[in-house]
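A.B. asks: Sequence and predicted structure below; questions after.
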Amino acid sequence: MNEVHEDSPKDPQVSEFYRKHATEQPSTAVDERILAAARVAVADRTSRKVPGWWQRWRTPLALGTTLVLTLSLALLHERRPVVLAPEGRAASQKAAVGRAAPAAATSSEQAADSRLAEAVKRDSGDAQPSLPVEVLRPMVPPSGRVPAERIARLPASNAVGESSEAALPAAAVPHNGTAGDWSSDVCSPDLSHRHGGRSCRTGCARYGYHPPGCSSAQAGPRRSCGATVGPDQVAPRGGARGQRLAR
Amino acid sequence: MQADWSDERLMLAYGAGDADAFAMLYDRYRGSLYRYLLRQCGNPALAEELHQDVWFRVVNARTGYEPLARFSTWLFRIARHRLIDHYRKHAPQIPAHSVPDAADDDLDEIGDLIERLPAATHEMPHVLYERQDAAQRISLALADLPPLQREVFLLTEEGGLTLEEIAQATGVGRETTKSRLRYALGKLRHALRDLL
């Protein structure tokens, strides 16, 4: 590779004379700078630290841990058993029946009421006094007539695969969920328990029902409230002024 | 043991991290490269600066070096390009349209460009002629050569390049290179005839 072709122009005397007298050299300072730069360039490369095992594996480990946690949480959430209170089961059954056959709700209302009364009697036991079917009817609204806005305000259920309405416990089902409901948010059985046997004017007046132990039961509805109150004559909430307007 | 290694092997060893290989390689070409630059630019200080730049480029190109050609060919080609860059930067009197693009390898234009550059004052023939020793006579004779002929002569003598390698490095044909070398040798013989 280094050999010169024969046809290359040659002048050995000129070449020898040139090589003999051309002896210029770069200065020592330049040599030192160049060699130092060359060493530094190589030293930088060799002194570069090799990343440790933690630097190499931390990203895959983080991704794997995140994946495992996500899968574990998803599996645990799916396998959590659905725990419903006995009241909830009764309400779920009621709601399911209502969804399945809204048209047949009227015809089967009697049977559902009887079943519901039996379920309440079974769940409450002997300590609770039994309630008539007429009393239970306003506690549980007719199926399919609960406003959607009220259902939306209710907390989500743990049940998977059922609607939130069906999974609600009995205490969470609104007692007065009909569209034309004129009653208050407090039902009469609640007031009867709260007053502990005393006269509960609101419950007596609005529902015409006196729970056992209510003092107004003996007096009758007119004596307690002074007038029979209907849905179109209900006094607005506002105390004495509202009652005067109602009269 | 590295003294027996070829230039290309030394350069590859340096690219792999062997600093001693570079020191040996530098020792082989430091004088010839410096003289090539000195004869071409005519200024010792500038020649040292260019010499340093060329070797820095070699250092920076260590990882990408591939022995596709001889190391000397590669080295002197870098030096030649560095010289051209220097000429372009420090030749304000040359019209801009006459300076070719960097990618343009039409080196006849570059040769014309180099040819029009003024020589250094201390390298003027009438200055050097006052010195009568042989080294200065050689410098005088080389300075009196046309730049393209001087370049071919220096690449042959200092770099040890063949006609093909010079032709490849300068971007001209082999016969053109051969012709330039023939003219350069003839003029040098004529200028140094009393010393030969």
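C.D. replies: Noted; the coordinates are in hand.

A.B. asks: packing partners for the helix or strand where A:Arg39 lies?
C.D. replies: Using DSSP states H and E, A:Arg39 sits within helix A:28-46. Counting contacts by 3 or more Cβ pairs under 8 Å, 6 or more residues apart in numbering or on different chains; DSSP states H and E, helix A:28-46 is packed against helix B:19-41, helix B:44-60. Yep, even glycine has a C-beta here, placed from its N, CA and C like the rest.

A.B. asks: Which residues does stretch B:4-15 contact?
C.D. replies: Residues from elsewhere that reach stretch B:4-15 (Cβ atoms under 8 Å, 6 or more residues apart in numbering or on different chains): A:38, A:42, B:2, B:21-22, B:24-25, B:28-29, B:58, B:62-63, B:65, B:67, B:70-72.

A.B. asks: for chain B, which spans come out with low pLDDT?
C.D. replies: Scanning chain B with the threshold set as pLDDT under 70 gives B:1, B:92-132.

A.B. asks: residues in it within reach of chain A, list them.
C.D. replies: Taking Cβ under 8 Å from any Cβ of the partner chain as the measure of proximity, chain B contacts chain A at B:14, B:17-19, B:22-23, B:26, B:30-31, B:34-35, B:38, B:44, B:47-48, B:51-52, B:55-56, B:59-60, B:62, B:70, B:134-135, B:138, B:157, B:160, B:162-164, B:178, B:181-182, B:185, B:188-189, B:192, B:195-196.

A.B. asks: Now with 7 Å, please.
C.D. replies: Neighbours of chain A within chain B, by Cβ under 7 Å from any Cβ of the partner chain: B:17, B:19, B:22-23, B:26, B:30-31, B:34-35, B:38, B:48, B:51-52, B:55-56, B:59, B:70, B:134-135, B:138, B:157, B:160, B:162-163, B:178, B:181-182, B:185, B:188-189, B:192, B:195-196.

A.B. asks: A:Lys10 and chain B: what is the separation?
C.D. replies: 8 Å (Cβ to the nearest Cβ, to the nearest Å).

A.B. asks: Now do the SS call for that residue.
C.D. replies: When classified by DSSP: H, G, I helix; E, B strand; the rest coil, A:Lys10 comes out as coil.

A.B. asks: What backbone torsions are found at it?
C.D. replies: phi -130, psi 150 (degrees, to the nearest 10).

A.B. asks: Quick one: neighbours of it, just the number.
C.D. replies: The number of residues packed near A:Lys10 is 14, by other Cβ atoms under 10 Å in any protein chain shown.

A.B. asks: contacting residues around it?
C.D. replies: For A:Lys10, the contact set (Cβ atoms under 7 Å, 6 or more residues apart in numbering or on different chains) is empty.

A.B. asks: and the gap between it and B:Glu158?
C.D. replies: Using Cβ to Cβ, to the nearest Å, A:Lys10 is found at 16 Å from B:Glu158.

A.B. asks: ok, back up a step: of the contacts of stretch B:4-15, which qualify as buried by neighbour count?
C.D. replies: A:Ala38, A:Val42, B:Ala21, B:Phe22, B:Met24, B:Leu25, B:Tyr29, B:Val58, B:Arg62, B:Arg70, B:Phe71, B:Ser72 (16 or more other Cβ atoms under 10 Å in any protein chain shown).

A.B. asks: Give the full set of residues in contact with the first one.
C.D. replies: Read that as A:Ala38. By Cβ under 7 Å, 6+ apart, A:Ala38 lies in contact with B:Ala19, B:Phe22, B:Val59.

A.B. asks: how about a cut-off of 8 Å?
C.D. replies: Shown in contact with A:Ala38 (Cβ under 8 Å, 6+ apart): B:Tyr14, B:Ala19, B:Phe22, B:Ala23, B:Tyr26, B:Trp55, B:Val59.
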